[in-house]
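> Any chance you could fold what I've pasted below:
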Amino acid sequence: MGTDCCATADFYATPRGAMVARLLRERIGVIWPSLRGQSVLGLGYAAPYLRLWREEVQRCVAVMPAQLGTARWPLSGPNLSCSVEEACLPFPDLCFDRILLVHGLEVAEHARRLLREVWRVLKDDGRLLVVAPNRRGMWAYVETTPFGHGQPYSAGQIGRLLAASMFRVERRDAALFMPPLRLRPVLRSARLWESGARLMLPLGMAGLTISEAVKDVYAAMPVAAATPPRRMVIAEAAWRPAARVSAAEERTSDPHGSTGR
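The predicted structure follows:
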């Protein structure tokens, strides 16, 4: 079970949380620079990142899994946030162009059910962006951050999980190469840390793994077991020789037969 959403909101209110949001927004903005006129769903605790497109999208909805409680959503304007069951999203089929899943996959009680619901509400040409703590990164082992709770994933594990849920990964990225420290000199030089470490370290050493996926509409769908066809079995009849009938029995059984003197 991961940290609750109030603790996540408190983390983003700190200088370290603001630095994390700023660095991650930059990477997300590179992948999705503009979503003008589209419908966007933020699943998990995505409010600090939805502000990238809040003023240009047609519809922007923030959803938090019910098991994490409720949160203070830092969104301006009308209230477009709600708390739902992760395996039963209250949206019709094929209604979102983009879905951002952050602080959601690692704390999901049933990850495959969550992804199957994401597949259902995402349009056929839509895209999913999954942000999760990297199993090999340092941030997954620091419990004072939201990334140190729940189930961390490697990029390969997320790819296999998405493939099992009928998604196809088309792009991979990473973020938070800098160490998870609270020191002011480190926080002030966060961009320098991030850019330098990105050049020297592989993506597998980052604190967060980012995967962009599309719906694999041609994936094989499991079907119910087919009823086996009926088979005709011809059983060999048992043959038994007829019993011999005596002459006396034959005369008795035949009323029109000849009789003796």
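
> residues in contact with the residue nearest the centre of the chain?
Central residue of the chain (CA atoms, centre = their mean): Leu115, 2.2 Å from the mean position. By CB atoms under 8 Å, 6 or more residues apart in numbering, the residues touching Leu115 are Leu105, Leu161, Leu162, Ser165, Phe167. Where you see a C-beta, it was placed from the backbone N, CA and C, and this is true even at glycine.

> Could you do Met178 as well?
If you count contacts by CB under 8 Å, 6+ apart, Met178 has them with Leu23, Val186, Ala190, Trp193, Glu194, Ala197, Gly207.

> Next, Arg127: secondary structure please.
The local conformation at Arg127, judged by DSSP: H, G, I helix; E, B strand; the rest coil, is strand.

> quick one on the thing from earlier: among the contacts of Met178, who's most crowded?
The residue in the contacts of Met178 with the most neighbours, by other CB atoms under 10 Å, is Gly207 (27 neighbours).

> any idea how far that one lies from Arg198?
12 Å (CB to CB, to the nearest Å).

> what residues are shared contacts of the two?
Shared contacts of Gly207 and Arg198, defined by CB under 8 Å, 6+ apart, are found at Ala174, Phe177.

> and for the helix ranked longest in the chain, what are the contacting residues?
Ranked by residue count under DSSP state H, the longest helix found in the chain is helix 15-31. Identification of contacts with helix 15-31 by CB under 8 Å, 6+ apart yields 10-12, 48-49, 51-52, 100, 102, 129, 131, 145, 171, 173-176, 178, 180, 182, 184, 187, 190-191, 194, 208, 210, 212.

> Which entries within those meet the buried criterion?
Neighbour counting over the contacts of helix 15-31 (16 or more other CB atoms under 10 Å) leaves 11-12, 48-49, 52, 100, 102, 129, 131, 145, 173-176, 178, 180, 187, 190, 194, 208, 210, 212 as the buried ones.
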